[in-house]
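Asker: One predicted model, sequence on top.
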Amino acid sequence: MPHHNDPIAALTPEVTAWRHHIHANPELGFQERATAAFVAAKLREFGLEVHEGLGGTGVVGLLRAGTGPRAIGLRAELDALPITEKTGLPYASRRPGVMHACGHDGHTAMLLGAAKLLAQAPDFDGTVVFIFQPAEEFVGGGIRMIGDGLFERFPVEAVYAVHNWPGLDFGTIATRPGPMMAAVDNFELRFRGAGAHAAMPHLGDDPVLAAGAFIGAVQRVVSRSVDPQSALVVSITQIHAGTTGNIVPNEAWLQGTCRFLDPAFSDHCERQIATIAQGIAAAHGVTAELDYRKGYPPVVNTEGPVAEALRAAEEAVGAAQVRTDLAPSLGCEDFAYMIRAVGGAYAWIGAGPAGPGEGLHGDRYAFNDAIIPIVLRYWTSLVRQVAGRQPVSRCLP
């Protein structure tokens with residue numbers, strides 16, 4: 001059927017095709033050269049002013065209409081993950097070991113779609129800054145763009161982002177003032193001892209035994225050092241020691257992560273982990289060396305932009321499909337840096353149920369293309385609301 005009266009429905013197949021193209025050609029953080037070139041070419045095709053190379057491979061598109069002073073930032077991510085895809089989809093990754101397993105392909109395609117729709121019908125008064133950032137996963141492309149002068153060169157009164165959310169009812173839009181996503185710190189810990197033959201462990205010291213004791217003891221950070229109602233998780237994610245079956249090695253290496261909503265927990269976790277590691281090392285006759293790295297801050301939504309986001313969400317999906325009651329996630333997001341710089345609102349878009357391996361970062365994850373028109377409606381509603389053409393009387397006291 002033709003979609004003469006619904007430009008969003010008419011554009012959705014094209015946005016879906018862009019998404020599938022990006023999905024088939026994934027690139028890791030700060031390597032998104034082909035993806036960035038694709039985005040820049042589309043934005044130019046739509047008539048936007050395009051700036052490339054911010055934060056490495058980031059792209060910014062500017063769309064101005066009227067003479068209004070209001071400016072709104074909309075952000076999507078370009079990067080994929082080092083995961084081997086197992087979806088079997090016809091447009092699955094063509095690059096072994098690299099996969100869009102988080103939906104950044106969808107976020108980028110949908111923001112391109114919003115740019116095209118708004119360029120075709122620029123019925124707003126102000127400036128929209130379309131931000132396509134590199135390296136959201138692991139390496140902080142957001143802060144790199146800010147360091148390159150993103151908000152000095154392209155000032156905005158607030159910045160907005162969405163993330164598809166498997167497990168949340170399909171078509172729901174969820175946002176709230178305050179924390180939405182957690183801060184993350186990472187650490188590496190080495191226990192070092194003399195090592196020995198496995199038959200004669202008394203002739204050396206055992207860093208593996210110390211590592212085992214640490215794995216259990218470190219959970220006292222969560223269970224005994226903070227209020228039990230606080231959001232905090234400490235996870236040990238890697239442990240490596242030894243090379244053969246009959247030697248107690250002289251080193252054991254662990255890696256872990258701390259996730260929390262209260263920024264004060266960063267210093268607290270570092271102190272606690274160091275104390276526990278040194279105490280266990282002393283008890284086992286080995287040494288402990290901790291490398292604790294502070295990562296992304298929490299994503300904390302600001303009230304004014306959240307109110308704008310909620311109005312746009314209601315227009316996009318209806319009030320019954322808008323949620324403000326969801327608990328924050330202890331996942332992390334480097335959108336935290338942008339929102340901390342200028343204020344803004346981060347929203348989850350319900351993608352429906354997900355089975356094992358089909359959630360975010362799973363090797364069978366599949367972005368739900370049915371949310372594309374919902375997000376196009378949300379983005380265009382948000383821009384027209386924040387930078388809508390208003391009668392002069394509204395500006396009078």
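Answerer: Nice, thanks for sending it over. Numbering: from 1, shown residues only.
Asker: Please work out which residues outside the helix or strand hosting residue 159 touch it.
Answerer: According to DSSP states H and E, residue 159 maps onto strand 158-165. Contacting residues not belonging to strand 158-165 are listed as 72-76, 103, 106-107, 110, 131, 174, 302, 304-305, 308-309, 333, 335, 338-339, 341-351, 367-368, 371, 375, 378-379, 382, 386 [Cβ atoms under 8 Å, 6 or more residues apart in numbering]. (Glycine included, C-beta is placed from N, CA and C.)
Asker: elements contacting the biggest strand by length in the chain?
Answerer: Identified as the longest strand of the chain according to DSSP state E is strand 178-192. Counting contacts by 3 or more Cβ pairs under 8 Å, 6 or more residues apart in numbering; DSSP states H and E, strand 178-192 is packed against helix 207-217, strand 251-260, helix 265-284, strand 287-294, strand 299-301, strand 329-332, helix 335-342, strand 344-350.
Asker: what about that strand, distance to the chain center?
Answerer: Computed by Cα atoms, centre = their mean, to the nearest Å, the chain-centroid distance of strand 178-192 equals 15 Å.
Asker: Please apply the same query to stretch 294-313.
Answerer: 13 Å.
Asker: what does stretch 78-87 give?
Answerer: Centroid displacement of stretch 78-87 relative to its chain, using Cα atoms, centre = their mean, is 14 Å.
Asker: distance between the ends of that stretch?
Answerer: 20 Å (Cα to Cα, to the nearest Å).
Asker: Buried residues of that stretch, list them for me.
Answerer: By neighbour count on 16 or more other Cβ atoms under 10 Å, the buried set for stretch 78-87 is 78, 79, 80, 81, 83, 85, 87.
Asker: likewise stretch 118-131?
Answerer: For stretch 118-131, by 16+ other Cβ under 10 Å, it's 118, 119, 122, 124, 125, 126, 127, 128, 129, 130, 131.
Asker: Okay, domains of the chain per the record?
Answerer: According to automatic domain parsing, the chain comprises the domains 7-177+302-395, 182-294.
Asker: CSV for the ones you listed, including mean pLDDT?
Answerer: CSV is the format used below for the domains of the chain (pLDDT from 0 to 100):
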stretch, mean pLDDT
domain 7-177+302-395, 95
domain 182-294, 97
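Asker: Can you tell me which of these is most buried?
Answerer: Most buried of the domains of the chain, by mean neighbour count (mean count of other Cβ atoms under 10 Å): domain 7-177+302-395, with a mean of 20.
Asker: Give the bridge partners for residue 77, please.
Answerer: Using DSSP bridges, the beta-bridge partners of residue 77 come out as residue 133.
Asker: Now do the contacts for it.
Answerer: Taking Cβ under 8 Å, 6+ apart, we find residue 77 in contact with 102, 104, 107, 108, 132, 133, 134, 136, 141.
Asker: Which two among those are spaced furthest apart?
Answerer: The distance between the two most remote of the contacts of residue 77 (Cβ to Cβ) is 15.0 Å, for 102 and 132.
Asker: The closest residue to residue 226 other than its chain neighbours: what's it in contact with?
Answerer: Distance criterion Cβ to Cβ, 6 or more residues apart in numbering; nearest residue to residue 226, sequence neighbours excluded, is residue 232 at 5.6 Å. By Cβ under 8 Å, 6+ apart, residue 232 lies in contact with 221, 222, 226, 258, 259, 260, 262, 265, 269.
Asker: I'd guessed the first one sits against residue 235; true?
Answerer: Spelled out, it's residue 221. No: counting by Cβ atoms under 8 Å, residue 221 stays clear of residue 235, with 11.1 Å between them.
Asker: now for the helices and strands packed on strand 178-192, which one comes closest to residue 184?
Answerer: strand 329-332 (4.0 Å).
Asker: Let me see the ranges of the helices in the chain.
Answerer: Using DSSP state H, the helices of the chain run over residues 7-24, 33-45, 104-120, 141-147, 150-153, 207-217, 220-224, 265-284, 303-317, 335-342, 372-386.
Asker: Of all those, which one comes closest to residue 197?
Answerer: helix 207-217 (13.8 Å).
Asker: which residues touch the closest one?
Answerer: Applying Cβ under 8 Å, 6+ apart, the contact partners of helix 207-217 are 189, 191-193, 195, 236, 239, 241-242, 248-252, 254, 276-277, 280-281, 283-284, 286, 288.
Asker: Point to the residue nearest the middle of this structure.
Answerer: The chain has residue 333 as the residue nearest its centroid, 3.4 Å off, counting by Cα atoms, centre = their mean.
Asker: Now do that one against residue 49, distance only.
Answerer: Separation of residue 333 from residue 49 (Cβ to Cβ, to the nearest Å): 27 Å.
Asker: would you turn the contacts of residue 232 into TSV with distance to residue 317?
Answerer: Listed next are the contacts of residue 232 as TSV, based on distance: Cβ to Cβ, whole Å:
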residue	distance to residue 317
221	40
222	36
226	37
258	35
259	29
260	31
262	32
265	35
269	38
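Asker: which among those residues gets closest to residue 9?
Answerer: Among these, residue 259 lies closest to residue 9 (Cβ to Cβ), at 39.5 Å.
Asker: Run through the bridge partners of that closest one.
Answerer: Residue 259 has these beta-bridge partners by DSSP bridges: residue 184, residue 233.
Asker: Would you confirm that it contacts residue 181?
Answerer: No: with contact defined as Cβ under 8 Å, residue 259 does not reach residue 181; the gap is 9.3 Å.
Asker: Quickly list what's touching both of the two.
Answerer: Shared contacts of residue 259 and residue 181 (Cβ under 8 Å, 6+ apart): 330, 331, 332.
Asker: who's residue 73 bridged to?
Answerer: residue 129, residue 159.
Asker: Run through the residues that contact it.
Answerer: Contacts of residue 73 (Cβ under 8 Å, 6+ apart): 128, 129, 131, 151, 154, 156, 158, 159, 160, 338, 342, 344.
Asker: ok, the third one to residue 29 distance?
Answerer: Spelled out, that is residue 131. Where residue 29 is concerned, residue 131 sits at a distance of 16 Å (Cβ to Cβ).
Asker: re earlier: could you give the angle of the longest strand of the chain to strand 344-350?
Answerer: 90 degrees (axes from the mean of the first three to the mean of the last three Cα atoms, to 10 degrees).
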